[in-house]
Structure formats: structure tokens, C-alpha cells
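Visitor: Kindly return the folded structure for what I paste below:
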Amino acid sequence: VSKGPGNTKVAKSTAMPPGPPVYLDLVYIPNHSNSKNVDVEFFKRVRSSYYVVSGNDSTAEEPSRAVLDSLLEGKAQWESNMQVTLIPTHDSEVMREWYQETHEKQQDLNIMVLASSSTVVMQDESFPACKIEL
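Guide: Numbering: from 1, shown residues only. This next block holds a predicted model:
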């Protein structure tokens, strides 16, 4: 049975290929920290000192509580307890609730959530900022 080009089905896999963990200094969690693209396997494999947590849209579930929980679960499987800093780009209800409900586990896993009150002003515009030293 032959199929024409329009009838070919290609299976898409979202699973990460096998391999060793990757260590980075700074990682922007993809897709505004939405759980469709990021899971426990992501945090088991992509190990970083800093993760930027973007997203301020509760209707789109951004940032996703599942992604934040995946960080805890993935980091718990690391061989070392290196410090990890989360840098939220927005103050969200999801982030606040997650921080309060999992604070003890964050401390056990050496995870710090960065809260910055610094503001940068440029050309009549101001926005929150934080300083990261790598």
C-alpha cells in the first residue's frame, strides 16, 4: 500500500532524547512557563543556577503550577544540591501560592525565589529589574 505525500502521518514526540544532563548558568523556562512544553524531565536534564519564570496570564495558566512543581520534583533527583534561583518576571497569584505552600521543600532543595524591588528608568519608562552575577 502506497500513500501519497498528503496522507503521510508523522509522529511528534515531546520527550527529550536520552543523554546526560546539561548544566547552564541561566535558563529562560520556555513558552511562558506553560506545562505543555516543560515537565519534570526538563528540570532533570536542563540544570541551571538561575531559571527565569515568565508569565502573567492566569487564563492561559502562565506560569503553570505544574511547571513550578516539576522544578521541585526534577531538582530532587539531581546528584548535588547546588543553589538554584528562580527569577519571576511578574508577581502572580500562582507564584505567590506556590512559594508559600512549598517554601519548606524549596529550602530543602536549596531553591531561592528572587523578589526584586529594583526599578530601572529609561527614556520616561520604568520597569522592574534584578542583577545577576555569573
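
Visitor: Rounded mean pLDDT for the helix or strand encompassing residue 87, please.
Guide: According to DSSP states H and E, residue 87 maps onto strand 84-88. On average, the pLDDT along strand 84-88 is 93.

Visitor: Pull the next helix or strand after that strand out as PDB, backbone CA atoms only.
Guide: Note on strand 84-88: by DSSP H and E, the next helix or strand toward the C-terminus is helix 93-101. Presented in PDB, the C-alpha positions along helix 93-101 are these (Å, rounded to 0.1, in the frame of the first residue of the first chain):
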ATOM      1  CA  GLU A  93      -1.100  34.700  42.300                       C
ATOM      2  CA  VAL A  94       0.200  31.300  41.200                       C
ATOM      3  CA  MET A  95       3.800  32.200  42.100                       C
ATOM      4  CA  ARG A  96       2.800  33.500  45.500                       C
ATOM      5  CA  GLU A  97       0.700  30.500  46.400                       C
ATOM      6  CA  TRP A  98       3.400  28.100  45.200                       C
ATOM      7  CA  TYR A  99       6.000  29.900  47.100                       C
ATOM      8  CA  GLN A 100       4.000  29.800  50.400                       C
ATOM      9  CA  GLU A 101       2.900  26.200  50.000                       C
END
